[in-house]
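Coordinates for the following, if possible.
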Amino acid sequence: MAWLLVIVAGVLETGFAVCLKLSHGFTRLWPTVAFCAFALGSFGLLTMSLKKLDVGPAYAVWTGIGAAGTAIYGMIFLGDLVSTLKIISISFVIIGVIGLQLSGSAH
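The predicted model follows:
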């Protein structure tokens, strides 16, 4: 269950990163409100998961999901540059996240 919380928190991290861009420096109301909601949810779930998980693997999985998810979202929906190297690098992040998740121990 704790790993599920980390995964959902990572997805919410993607949401807050995207909303941060869309807020244009917190000058647009609804993206700013969404940023706050996603950030609060993401940090809240990560905090709950750390009661059971080692901090290193859990944090790495959380940030990896957020980084890969944000990069993928940006390429698909925001017009970010798509390149072979970027796709390969994101694949390595995802592989690393899976490896860390599998190696993480619960208390």
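
low-confidence ranges in this protein?
Applying pLDDT under 70 to the chain picks out residues 104-107.

Give the full set of residues in contact with the residue minimising distance to the centre of the chain.
Centroid-nearest residue in the chain, with C-alpha atoms, centre = their mean: residue 66, separated by 1.7 Å. By C-beta atoms under 8 Å, 6 or more residues apart in numbering, the residues touching residue 66 are 10, 13, 14, 17, 42. Bear in mind the C-beta positions are built from the backbone N, C-alpha and C, glycine included.

in the longest helix belonging to the chain, what's buried?
If you go by DSSP state H, the chain has its longest helix at helix 55-77. Using 16 or more other C-beta atoms under 10 Å as the test for burial, helix 55-77 gives 57-62, 64-75.

Likewise for stretch 80-97?
Buried residues in stretch 80-97, counting neighbours by 16+ other C-beta under 10 Å, are found at 90, 93, 94, 97.

What is the nearest of the contacts of residue 66 to residue 32?
Among the contacts of residue 66, residue 17 lies closest to residue 32 (C-beta to C-beta), at 13.4 Å.
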